[in-house]
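> could you look at this predicted model? Sequence included:
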Amino acid sequence: MRETVNKIIGFINLNSGEEDRHKVLENVKANISFRGSNLWILACAIVVASIGLNVNSTAVVIGAMLISPLMGPIVGAGFGLGIYDFDLLKRALKNLLIATIVGLSVSTFYFYLSPFKETQSEILSRTSPNIYDIFIAFFGGLVGVIAITRVEKGNPIPGVAIATALMPPLCTAGYGLAVGNFSYFFGAIYLYSINCVFICIATFLIVKYLKYKPIKQVDEQHAKKVKYAMTSLILVMIIPSIYFAYLLIEEKKFNQKIERYISDEFTNKGYTILYKKIVTNVKPKKIELVFLTKKTTNNELKILNQRLKTYGIENTQLKIRQDTTDIKKYISNQINFEKSILNKKDVIIANLGKQIKTNTYNNAAILAEAKIIFPEIENLSISNHVFDENTDNAKVVPIMIYKSKKELSKEAKVKLVMWLQQRLSKEKIEIYRQA
């Protein structure tokens with residue numbers, strides 16, 4: 001039993017494969033400051049992230065996450081707290097503040113100058129953080145710090161950079177400032193702060209778990225102050241995120257109820273819905289529908305609004321648009337658009353059919369006829385070949401490759417070419433014997 005317990009402890013023991021602690025600390029300290037290459041990498045990451053958010057490119061945003069050096073000072077702050085090196089902590093926080101200000105300034109300037117001010121989905125996804133973002137930051141931070149303390153760094157570091165995603169929310173905050181939308185700014189800054197704080201806390205816990213030696217002895221009162229400060233910071237981050245998570249869950253529940261209501265009352269009864277809009281940020285909330293053929297009287301609309309309560313949908317108003325002119329125009333535009341696409345496809349298919357017909361020969365039938373006139377030919381294949389295809393003088397010439405035991409005589413070749421010209425209605429034909 002004891003051996004089994006020791007084996008399990010050996011499996012989960014983080015001290016196994018640990019890097020020399022002096023080297024780890026030196027590496028952490030080297031990645032704190034934003035000078036030289038780190039500064040250039042930071043600047044590039046800011047620009048790349050801003051462009052990715054601006055053009056709504058997930059791949060570009062992920063690229064910015066990978067090259068971002070922002071984790072350096074956050075991990076440094078965690079190590080500083082863990083080993084009570086308050087000089088390291090101050091230096092790390094100072095550099096993080098500088099990087100944050102630079103990131104905000106550059107991204108705000110970029111989005112201010114950018115002609116594209118639309119709020120893309122990549123931006124929207126970073127304006128409403130919740131409790132799940134805390135879990136991502138914390139566990140992503142744990143993986144990152146564990147990888148930093150290993151001899152073999154392995155593949156976790158790029159994954160951690162993507163999971164914790166420090167640069168995109170910072171640039172989203174810059175977008176909020178540039179367009180004057182402070183709800184976006186505060187939402188993105190809150191997400192950025194969550195990531196910073198919980199990566200730092202994850203680092204602190206791993207440093208304590210691995211029992212890194214404190215740089216100086218701290219009395220119990222100072223140690224308590226550190227713990228109280230961290231607890232307060234955790235509460236400040238967690239409480240709003242729980243509220244936002246609650247709002248997110250409630251919104252999803254509301255949308256599910258709406259979908260069930262629309263399905264039961266309309267879709268399952270054979271009514272085709274052309275347009276649907278759900279507005280939740282007004283009081284009362286609104287559901288707007290447009291049907292293909294269904295007409296609704298005021299009395300029916302009143303009953304449908306009353307039935308909302310039976311689905312648990314409160315403080316919501318159903319509105320059915322019945323402007324037939326707009327509906328007909330919408331349908332007509334859709335039909336014309338689809339017709340134009342179909343016509344284009346028909347033209348393309350017809351052209352391809354012509355090309356295939358022009359470039360295809362019935363080799364089997366031609367071989368059967370050729371064997372009667374030229375018994376020496378055992379097999380043949382004919383296909384078109386384009387000469388000078390990159391010029392205006394491109395020519396298509398049929399080429400026949402034949403197989404025979406011996407080379408045809410000159411007279412036979414001339415006769416074969418003349419026969420093929422007549423047979424295929426082509427002015428020029430070239431023949432070659434298969435080697």
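Nice, I can see it.
> helices along the stretch 251-400 of the chain, start to end?
In the stretch 251-400 of the chain, the segments counted as helices under DSSP state H, counting those that start in this stretch are 298-307, 324-359, 363-373.
> average model confidence for the last one?
The pLDDT scores in helix 363-373 average 85.
> before we move on, the earlier item: lowest average confidence across the helices of the stretch 251-400 of the chain, which one?
helix 324-359 (a mean of 67).
> for stretch 46-60, which outside residues touch it?
For stretch 46-60, the external contacting residues (Cβ atoms under 8 Å, 6 or more residues apart in numbering) are 61-65, 67-68, 102-103, 106-107, 110-111, 114, 116, 120-123, 167-168, 170-172, 174-175. Glycine gets a C-beta too; all of them are placed from N, C-alpha and C.
> then stretch 192-209?
Applying Cβ under 8 Å, 6+ apart, the contact partners of stretch 192-209 are 14, 71, 74-75, 77-79, 81-83, 96, 100, 129, 133-134, 137-142, 144-146, 149, 164-166, 169-170, 173, 230, 233-234, 237, 241.
> how about stretch 88-102?
When contacts are defined by Cβ under 8 Å, 6+ apart, stretch 88-102 is touched by residues 29, 32-34, 42-43, 46, 69-70, 72-74, 76-77, 79-81, 170, 192, 196, 215.
> so how do I select the buried members of those residues in ChimeraX?
Buried residues within the contacts of stretch 88-102, by 16 or more other Cβ atoms under 10 Å, are selected in ChimeraX with:
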select :29,32,33,34,42,46,69,70,72,73,74,76,77,79,80,81,170,192,196,215
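> helix or strand with the lowest mean pLDDT in this protein?
Least confident helix or strand of the chain, by mean pLDDT, DSSP states H and E, is helix 156-164 with a mean of 54.
> any idea which helix or strand comes after that helix?
Going down the chain from helix 156-164, the next helix or strand is helix 167-179, by DSSP states H and E.
> let me see the backbone angles for residue 403.
With angles defined as degrees, to the nearest 10, residue 403 sits at phi -120, psi 130.
> pLDDT at the residue nearest the centre of the chain, what is it?
Note on the chain: the residue nearest the mean C-alpha position is residue 58, at 3.5 Å, using Cα atoms, centre = their mean. Model confidence at residue 58, expressed as pLDDT, equals 82.
> distance of it relative to residue 283?
Distance from residue 58 to residue 283, counting by Cβ to Cβ, to the nearest Å: 35 Å.
> one more: residue 377?
Computed as Cβ to Cβ, the residue 377 to residue 283 distance reads 88 Å.
> who has more neighbours out of those two?
Remark: of residue 377 and residue 283, residue 377 carries more neighbours, 19 against 9, as counted by other Cβ atoms under 10 Å.
> of the contacts of stretch 46-60, buried ones?
61-65, 68, 102-103, 106-107, 110-111, 122-123, 167-168, 170-172, 174-175.
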